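what follows is a predicted protein model with its sequence.
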Amino acid sequence: MANVLNNQELIYNGDDLGAVYTTLYTIFKVWAPTVDKITVVVYENPNDDLGQKYEMNKALEGVWELKLYGDYKNKYYNYLVLNDGKIKETPDIYSKGASANGKKGMIVDFHSINPVNWENHNKPKPINRTEAVIYEIHVRDFSVSEDSGIKNKGKYLAFTEKNTKTSEGVVTGLDYLKELGITHVHLLPVFDFASVDEIKGGYNWGYDPYLYNVPEGSYATDSQDGTVRIHEFKTLIQTLHENGLSVIMDVVYNHTITTVDSPMNILVPKYYYRTDYNGNYTNGSGCGNETASEKPMMRKFMVDSIKFWAEEYKIDGFRFDLMALHDIDTMKELTKQAKIINPNIIIYGEPWTGGPSSLPHSSQLLKGSQRGIQVSVFNDDLRNAIKGDNDGSTLGFVSGGEGFELEIKKGIVGSINFNNEINNFTQDPGEVINYVSAHDNLCLYDKFEKSNPNNTPSEREKMTRLALSIVLTCQGVPFIQGGTEILRTKQGIHNSYNSGDDVNKICWSRKAEFRETFEYIKGLIAFRKSQKVMTLDSASDVRNSLIFLETPYNCVAYELTSTFKDDYGKLLIIHNSNKEAINLSLPDGDEWRILANECEVNKKGVGKGAKTCINEVSIPAISTYILCK
């Protein structure tokens, strides 16, 4: 049947699937070539049990359609699908709005819902992806702490509140993001997911897709009125934009939370999923199924969805969960279409699967297959080299491991082919997302508590600082798990997807407790943004600008030479992971000024009178130094 449905005569290329609203009529179109009958049910209100039924007509290319005259602004609708003698009710997979828990889709008039000045609001100035500093955060985690000083705890609107502080006067929320200096806020899933009851509430990361083109209702102040989630999510985006911050959506097109009774399967049984030769669903996601991006109408659905979020919600980037489950051609096409809408949109994802997939290995978007297609991938090589394994006791470069200098150097150059020894999987540095922790696995603080139980808390704080300093000085795109800069902990729980607020919330008091580290990371971000030579976007520029120096064991040092107007002419960056200080000979025999030491970053120089060195510099244990000339 899948092969039959891939017939060119049953592939629909129109851009009008779903419910397209006008004041005079609404047109419904749904692709479902194999079912016997589809009826549209229109509901006046989200909680109505009975609605008005209208039979759809089967047209060409497997599309059922209905033109319904009248003004159905923000009314609700579903499809009744007759197949094999059974009738099932389902929301439209192209729904752009919904009632609570996605029970009903919505005929959306966005114009009537948009925030004031939505169409013309100011967006951040375009930057290269290597100039981005990405900050990953979960909507609830960001504000739900009782001491966040934020009124709309756990909601979209939390990101719109200004001048929020803890009871001790610690700056939180939106002002915190601006103070830290990041450029992009990466939100864990905010599409409609099924693992939280939107009426009763609850906690989940949200990697359980239900309606892909609808904002999640549990983050809205009213989940039952479908207009509220749309308005409030757009208000979040507009507020962040107007405060100089771009917004990235975490998207999960690789699986659905249910299989047999999912909206996709009710409309076109088994088409949207991969199956084996016996017709069994394959499970490359590890979540019970995997969608089939290589099939024309699944590819179309993904492309249409990305275009929708980029156009209607002005989203600035997309992070793809288990991106290797998507075929390379689909990722090329959706990236191409997204960049037509916004040339500076950032596309990146995980270059791995969640288990064995039936998608051929050669078609999977794994590390290396992103070369030249404007897609970036997470760098688990650098991650593991810096800290060791994710959840165990293995040591890495910053925590006492040995022999990681080469892998650190590969990360520093953006994983490009730098020379015969230092080379990895990218064509240009913008293709790599450099990170040391994310929502998955142990927080960095918890990892060091597990792998280095005999170290002092002060030493583990230094490890955190050194780890993030490596990420923030590498060529490529730096990515920070929200809260790492204030030593966030999840009490040692490595998979906190449903562990609730007490485990997952950002404890803003830690900003005061670890103020020095916060200021250090804030300073590194500002310094990175001020030096174009630290954000090069071509491999040739990296090769021409960067030279590694001879260093003692467990130490990496390199010199950056810049020709950019506002940069320092030369920078020297040194990472010392030894438990004792090391001395390093300085190049050129000239005077070098120290811009960053083990506890301070200052573009004009650290220490009284801006400390300088000639011939040699001493680098304390577990620290990064940056010098300039």
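Perfect, thanks for sending it.

if I pick residue 242, what's in contact with it?
Residues counted as contacts of residue 242 (C-beta atoms under 8 Å, 6 or more residues apart in numbering) are 121, 122. For the C-beta atoms, the positions are set from N, CA and C on the backbone; glycine is no exception.

now do residue 121
238, 241, 242.

what's near enough to touch the second one?
Same thing as residue 241. Applying C-beta under 8 Å, 6+ apart, the residues near residue 241 are 121, 122, 123, 124, 247, 314.

packing partners for the host helix or strand of the fifth one?
Yep, that's residue 247 we're talking about. Element membership for residue 247 (DSSP states H and E) is strand 246-251. In this structure, strand 246-251 makes packing contacts with strand 184-187, helix 226-242, helix 296-312, strand 317-320, judged by 3 or more C-beta pairs under 8 Å, 6 or more residues apart in numbering; DSSP states H and E.

please repeat the previous calculation with a cut-off of 6 Å.
strand 184-187, strand 317-320 (3 or more C-beta pairs under 6 Å, 6 or more residues apart in numbering; DSSP states H and E).

report the buried residues of that strand.
246, 247, 248, 249, 250, 251 (16 or more other C-beta atoms under 10 Å).

same list, the helices and strands packed on strand 246-251, but as CSV with mean neighbour count and distance to residue 20 please.
Formatted as CSV, the helices and strands packed on strand 246-251 follow (neighbours: other C-beta atoms under 10 Å; distance: least, C-beta to C-beta, whole Å):
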stretch, mean neighbour count, distance to residue 20
strand 184-187, 24, 27
strand 317-320, 25, 24
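
could those be laid out in CSV, adding mean pLDDT and distance to residue 377?
Shown next, in CSV, are the helices and strands packed on strand 246-251 (pLDDT from 0 to 100; distance: least, C-beta to C-beta, whole Å):
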stretch, mean pLDDT, distance to residue 377
strand 184-187, 98, 15
strand 317-320, 98, 9
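
TSV for these, including distance to residue 532?
Below are the helices and strands packed on strand 246-251 laid out as TSV (distance: least, C-beta to C-beta, whole Å):
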stretch	distance to residue 532
strand 184-187	18
strand 317-320	21
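
and of the ones you listed, who's closest to residue 202?
Nearest to residue 202 among these is strand 184-187 (18.0 Å), distances taken as C-beta to C-beta.

return the set of buried residues in stretch 373-383.
Buried residues in stretch 373-383 (16+ other C-beta under 10 Å): 373, 374, 375, 376, 377, 378, 379, 381, 382, 383.

residues making contact with that stretch?
331-332, 335, 347-348, 350-351, 367, 370, 411, 431-436, 477 (C-beta atoms under 6 Å, 6 or more residues apart in numbering).

which of these fall in helices?
331, 332, 335, 411 (DSSP state H).

which residues are in contact with the first one?
So the one you mean is residue 331. 365, 375.

please renumber so the chain begins at 388
All set: I'll call the first residue 388, so the last point we hit is now residue 718.

model confidence for it, exactly?
At residue 718, the model reports a pLDDT of 98.

for residue 483, see how far away it is.
As judged by C-beta to C-beta, to the nearest Å, residue 718 and residue 483 stand 23 Å apart.

same check on residue 585?
17 Å.

ok, now residue 656?
24 Å.

what about the contacts of residue 628, which are in strands?
residue 634 (DSSP state E).

make TSV out of the contacts of residue 628 and add pLDDT.
Shown next, in TSV, are these (pLDDT from 0 to 100):
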residue	pLDDT
508	98
509	97
510	97
511	98
634	98
701	98
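
okay, the contacts of residue 628 in CSV with distance to residue 672 next?
Output for the contacts of residue 628, formatted as CSV (distance: C-beta to C-beta, whole Å):
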residue, distance to residue 672
508, 36
509, 38
510, 33
511, 33
634, 25
701, 29
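
can you pick out the most distant pair from the contacts of residue 628?
509 and 634 (13.7 Å).

re the thing from before, just want to know which of residue 656 and residue 483 has more residues nearby.
residue 483 (22 against 17; other C-beta atoms under 10 Å).

what about that one, helix or strand, and which?
Residue-wise, residue 483 maps onto no helix or strand under DSSP H and E.

and the nearest residue to it once chain neighbours are set aside, how far from residue 699?
Closest residue in space to residue 483, ignoring its immediate chain neighbours: residue 495 at 4.6 Å, by C-beta to C-beta, 6 or more residues apart in numbering. Separation of residue 495 from residue 699 (C-beta to C-beta) stands at 9 Å.

ok, these two, which is more surrounded?
Taking other C-beta under 10 Å, residue 495 and residue 699 do not tie; residue 495 has more neighbours (25 against 15).

re earlier: residue 1009 is nearest to which of the helices and strands packed on strand 633-638?
strand 571-574 (28.1 Å).

could you list the low-pLDDT ranges of the chain?
The chain contains residues with pLDDT under 70 at 388-391, 995-997.

90 instead, please
Judged by pLDDT under 90, the chain has its weakly predicted residues at 388-396, 664, 975-977, 994-1002.

over to the residue nearest to residue 699 when sequence neighbours are not counted: give its phi and psi.
Nearest-residue entry for residue 699: residue 497, 6.4 Å, with adjacent residues in sequence omitted and distances by C-beta to C-beta, 6+ apart. When read as degrees, to the nearest 10, the backbone of residue 497 gives phi -60, psi -30.
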